[in-house]
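>>> Structural data only, the sequence is not supplied:
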């Protein structure tokens, strides 16, 4: 039987270069975004792996600022799309406009044709408009008038949801949720962090002309993405990842029956792929050329919270999905 596995190894120079580059981007990000260390880590992981991020939080927690700042730090093209019920698919991907002077149709690309795209309150757009993002997020292209238009590289979609306002919203279908590599839930800043935001506002840090020069180029980001793929992932950790995802589908045999009964559907193989890619990026961010079990555990909530489908009993009993994920992680032996 032929083995199809390929091993890549990082030399010390590559590892040092990647670590310095990621630190420069992180430092540039911190210029405007106070605190939110996990959000910074999540966005860097997505950028380094080519994944997409779903963020859930109340308004005013710097989600838009974070996306704009990340784009500025790598000299990337940024577009923000405010999702509303009347938003059309053509408003996102683009359309063809008739040019009367030339007597022909001219293609006008939509705002999704950018390096970093913020879909603000994505659950306010209709299902038809939400589905328009599927091809862009998965295939990295759009189709307008029968012609395929590739999206730029790197390409990152950051979508947000407001959990406290459900009037006039459309719940994201499971197929759309699964396209996001990670889902993060943001919390309020500490009093010290909130005071620092006010000090920076008074100092003019958030003025348009106060934006610092880019910390990296798009070519350097593409090099960083190639470096992530060389981070070593031991076969025992691959089995550990697959084991975690397997338990989500057969939870009754591994965790407390009361918690297992809350799970209607487990995670798809995309969860295993997300674990694999994100754990490599996290290891690189921490200056290692190999993944350790703690990397995988640190990502468990962000990889699984939007892929575990819980029944109405979980909502009725106010049991958060993170509690179920914790039980799943505890049930699988760490290699």
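Sure thing, it's come through. Please read all numbers here as calculations on a predicted model, not as lab measurements.

>>> what's the spacing between the helix or strand containing residue 284 and its chain's center?
Element membership of residue 284 [criterion: DSSP states H and E] is helix 269-285. Computed by Cα atoms, centre = their mean, to the nearest Å, the chain-centroid distance of helix 269-285 equals 12 Å.

>>> List the buried residues in the longest helix seen in the chain.
The longest helix of the chain (DSSP state H) is helix 12-30. Residues 14, 15, 17, 18, 19, 21, 22, 24, 25, 26, 28, 29 are the ones in helix 12-30 that count as buried (16 or more other Cβ atoms under 10 Å). Quick note: C-beta positions are derived from backbone N, CA and C, even for glycine.

>>> follow-up on the earlier one: what angle do the helix holding residue 284 and helix 12-30 make?
100 degrees (axes from the mean of the first three to the mean of the last three Cα atoms, to 10 degrees).

>>> if we look at helix 269-285, which residues are touching it?
If you take Cβ atoms under 8 Å, 6 or more residues apart in numbering as the criterion, helix 269-285 is touched by 15, 18-19, 22, 41, 44-45, 48-49, 51, 178-179, 181-182, 227-229, 231, 233, 237-238, 241-242, 244-245, 248, 289-292, 295-296, 298-299, 302-304, 307.

>>> and the longest helix of the chain, what does it pack onto?
For helix 12-30, the packing partners by 3 or more Cβ pairs under 8 Å, 6 or more residues apart in numbering; DSSP states H and E come out as helix 37-49, helix 63-73, helix 218-228, helix 269-285.

>>> Where among these is average confidence lowest?
Lowest mean pLDDT of those: helix 63-73, a mean of 90.

>>> downstream neighbour of it in the secondary structure list?
strand 78-82.

>>> For the following helix or strand past that following strand, which residues meet the burial criterion?
Downstream of strand 78-82, the first helix or strand assigned by DSSP H and E is helix 89-93. For helix 89-93, the neighbour count (16+ other Cβ under 10 Å) marks 89, 91, 92, 93 as buried.

>>> now the residues you listed in TSV, with distance to residue 200?
Formatted as TSV, the buried residues of helix 89-93 follow (distance: Cβ to Cβ, whole Å):
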residue	distance to residue 200
89	38
91	34
92	33
93	36
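
>>> any chance of the residues you listed in TSV, plus pLDDT and distance to residue 125?
Output for the buried residues of helix 89-93, formatted as TSV (pLDDT from 0 to 100; distance: Cβ to Cβ, whole Å):
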residue	pLDDT	distance to residue 125
89	86	9
91	88	9
92	89	9
93	88	13
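
>>> Does the residue lying closest to residue 327 once chain neighbours are set aside lie in a helix or a strand, and which?
Excluding the flanking residues, the one nearest residue 327 by Cβ to Cβ, 6 or more residues apart in numbering is residue 255, at 4.3 Å. Using DSSP H and E, residue 255 maps to neither a helix nor a strand.

>>> For residue 255, give me the pLDDT.
Residue 255 is given a pLDDT of 91.

>>> and residue 58, how many neighbours does it have?
12 (other Cβ atoms under 10 Å).

>>> From residue 319, how far off is the spatially most central residue of the chain?
The chain has residue 53 as the residue nearest its centroid, 1.9 Å off, counting by Cα atoms, centre = their mean. Remark: distance between residue 53 and residue 319 (Cβ to Cβ, to the nearest Å) = 25 Å.

>>> Over to residue 298?
Taking Cβ to Cβ, one finds residue 298 at 22 Å from residue 319.

>>> now residue 276
Counting by Cβ to Cβ - residue 276 and residue 319 are separated by 29 Å.

>>> what are the phi and psi values for the most far-flung residue of the chain relative to its centre?
Distance from the C-alpha centroid of the chain, by Cα atoms, centre = their mean, peaks at residue 101 (43.2 Å). The phi and psi values for residue 101, taken as degrees, to the nearest 10, are phi -70, psi -40.

>>> which one of the helices and strands packed on helix 12-30 lies closest to residue 261?
Closest approach to residue 261 among those is made by helix 269-285 (20.5 Å; Cβ to Cβ).

>>> Identify each buried residue in the closest one, please.
Those buried within helix 269-285 under the rule 16+ other Cβ under 10 Å are 271-285.

>>> residue ranges with poor pLDDT in the stretch 151-300 of the chain?
164-170, 210 (pLDDT under 70).

>>> Please enumerate the helices of it.
For the stretch 151-300 of the chain, the helices defined by DSSP state H, counting those that start in this stretch cover 174-177, 191-202, 218-228, 235-249, 257-260, 269-285, 293-304.

>>> these two touch, right, residue 121 and residue 162?
Yes. Counting by Cβ atoms under 8 Å, residue 121 touches residue 162, with 5.6 Å between them.

>>> mind checking how far residue 206 is from residue 44?
For residue 206, the distance to residue 44 - Cβ to Cβ - is 21 Å.

>>> The two: who's more crowded?
It is residue 44, of residue 206 and residue 44, that has more neighbours when counted by other Cβ under 10 Å, with 20 against 15.

>>> Would you mind confirming that the more buried one is in contact with residue 28?
No. Counting by Cβ under 8 Å, residue 44 stays clear of residue 28, with 11.1 Å between them.
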